[in-house]
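[1] Could you work out the structure for the sequence below:
(one chain, ligands or ions: 1)
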Amino acid sequence: MEEEKTEEPVKKTLLKGLTPKELKDFFVAAGEKKFRGEQLFEWIYGHMAQSFDEMTTLPTYLRKKLNNYCELNSLKLVSTQTSHRSGTRKYLFSTYDNQLIESVIIPEPKRITLCISTQVGCPLDCQFCATGLMGYKRNLSPAEIIDQFLMASKEFGKSKISNIVYMGMGEPLLNYTNTLKSLQIFAEEKTRDISLKRITVSTAGIAPKIIELADSGLKVKLAFSLHSMFEETRSKIMPINKKYSLAENLEAIKYYAKQTDNRITFEYVMLKDFNDRSDDLNALIKLCKSIPCKINVIPFNSIAHMNPTGFARELESSQKFVVDEFVKTLRDNNITVTIRYTQGDDIAAACGQLANKTISESLSKEKTR
Ligand code: SAH
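    Down below sits the predicted model:
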């Protein structure tokens, strides 16, 4: 008996994550007019359409064709959770291959910030970070990075997201190509609501990529997870420091500040008896005199929900009076300091807490296979 032939499913083209030029080229290649690409871009970013059927300025035959051969969304919204204390809202999304990622909206009086992920998990293994403890699966595509913004914006509705921070799960500069592409799309006309000036990329320090980003001409804001001014101490909590040293990163950062004319943000998670002593403070003051910057002091958010072991288990937040004194001395030295007060820790949505049980369980299952 002849074997039944099964047809290969048609791989659909994903349209989010394409630049306007790529969209136009796509339509021309499909035998359509170039301006359809512009219309699509407007529907995706101007109206935040989540289906081709909403795109009423496209003729019916074209919407049908798009439904057959193209995909619009790269993520599915699984659930949302809101912190009653702060209004912080956490989004859990699933991807085409059933990976789970999280994004967080942080509403503040003067701005609404969206924190997005760039990887499923994170390969960096920073000792103080829940995402690091859960392991690493894969990079997110440009569409998956952007879709966090599009889907959360649409769902949040009420008022517009004004700022985006690449501070969710993962290390953006280890997913450099896709991160850059997402930034290029945010830089486009129709996405101007989110100007690059209000986008911050946060890195643990991948020096050569900091230089590439500086040379990209995109001029986004750069935040550097500093956490200690001393190589050995930094390596203890951030293993990546053994590959790209603090010294190498600081050189790259100086270059970034010069090329982009931007002030750098140094993030500093305050850890008791670890990086909150007077020699830490003095070294930090010296650094601030050499680079246009501000310091973002972050109280350490507990990662106890991940049951850390070894050194990670010993980490504790600095006491409040130590943080206050540290901040005061920095300010007395004319250094701009912001304190990122914990928001959303009641729903494990605060800095470094992104990694919920479902995600880490699914990753550890993979590991043991
Ligand atoms: N990989 C990037 C972006 C993700 S982490 C980076 O390292 O910058 C975003 C910020 O949250 C970083 O400054 C990180 O150091 C900080 N962070 C991680 N875990 C934290 C925790 N438990 N408490 C407070 N901040 C944390």
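[2] residues in the stretch 101-250 of the chain within reach of the ligand, list them.
    Residues of the stretch 101-250 of the chain found near the ligand (Cβ under 6 Å from any ligand atom) are 128-129, 167, 171, 202-204, 225. The way it works is simple: take the backbone N, C-alpha and C, and place the C-beta from them, glycine included.
[3] TSV for the residues you listed, including neighbour count, distance to E212 and pLDDT?
    Listed next are those as TSV, based on neighbours: other Cβ atoms under 10 Å; distance: Cβ to Cβ, whole Å; pLDDT from 0 to 100:
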residue	neighbour count	distance to E212	pLDDT
F128	25	27	92
C129	27	24	91
M167	25	20	96
E171	27	14	98
S202	22	16	98
T203	27	12	98
A204	26	16	98
S225	28	18	98
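[4] can you redo those as JSON lines with secondary structure?
    Converted to JSON lines, those look like this (DSSP: H, G, I helix; E, B strand; the rest coil):
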{"residue": "F128", "secondary structure": "coil"}
{"residue": "C129", "secondary structure": "coil"}
{"residue": "M167", "secondary structure": "coil"}
{"residue": "E171", "secondary structure": "coil"}
{"residue": "S202", "secondary structure": "strand"}
{"residue": "T203", "secondary structure": "strand"}
{"residue": "A204", "secondary structure": "coil"}
{"residue": "S225", "secondary structure": "strand"}
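[5] and which of those residues is nearest L58?
    M167 (36.3 Å; Cβ to Cβ).
[6] In space, what's closest to that closest one - neighbours in sequence excluded?
    Nearest residue to M167, sequence neighbours excluded (Cβ to Cβ, 6 or more residues apart in numbering): S202, at 4.4 Å.
[7] same check, this time on E71
    Spatial nearest neighbour of E71, excluding adjacent residues (Cβ to Cβ, 6+ apart): K12 at 4.4 Å.
[8] and the gap between I164 and T329?
    I164 is 32 Å from T329, where distance means Cβ to Cβ, to the nearest Å.
[9] higher neighbour count, those two?
    More crowded of I164 and T329, by other Cβ atoms under 10 Å: I164, with 25 against 16.
[10] dump the residue contacts of that one.
    113-116, 149, 186, 194, 198-200 (Cβ atoms under 8 Å, 6 or more residues apart in numbering).
[11] Give the burial count for S86, as a bare number.
    Neighbours around S86, by other Cβ under 10 Å: 19.
[12] Give me the secondary structure label for it.
    S86 ends up coil, using three-state DSSP.
[13] how much space between the residue most central in space within the chain and A130?
    The centroid of the chain falls nearest to Y166 when counting by Cα atoms, centre = their mean (2.5 Å). Using Cβ to Cβ, Y166 is found at 17 Å from A130.
[14] Likewise for L183?
    For L183 relative to A130 (Cβ to Cβ), the value is 26 Å.
[15] And S182, by the same measure?
    Look at S182 and A130: by Cβ to Cβ, they are 23 Å apart.
[16] cool, F274 as well?
    Distance, F274 to A130, using Cβ to Cβ: 18 Å.
[17] more crowded one of those two?
    Looking at F274 and A130 with other Cβ under 10 Å, you find the greater number of neighbours at A130, namely 27 against 21.
[18] Now do the phi/psi pair for the more buried one.
    Backbone geometry at A130, expressed as degrees, to the nearest 10, gives phi -60, psi -40.
[19] Surely it touches M306?
    Yes: the pair A130 and M306 passes the contact test of Cβ atoms under 8 Å, sitting 4.8 Å apart.
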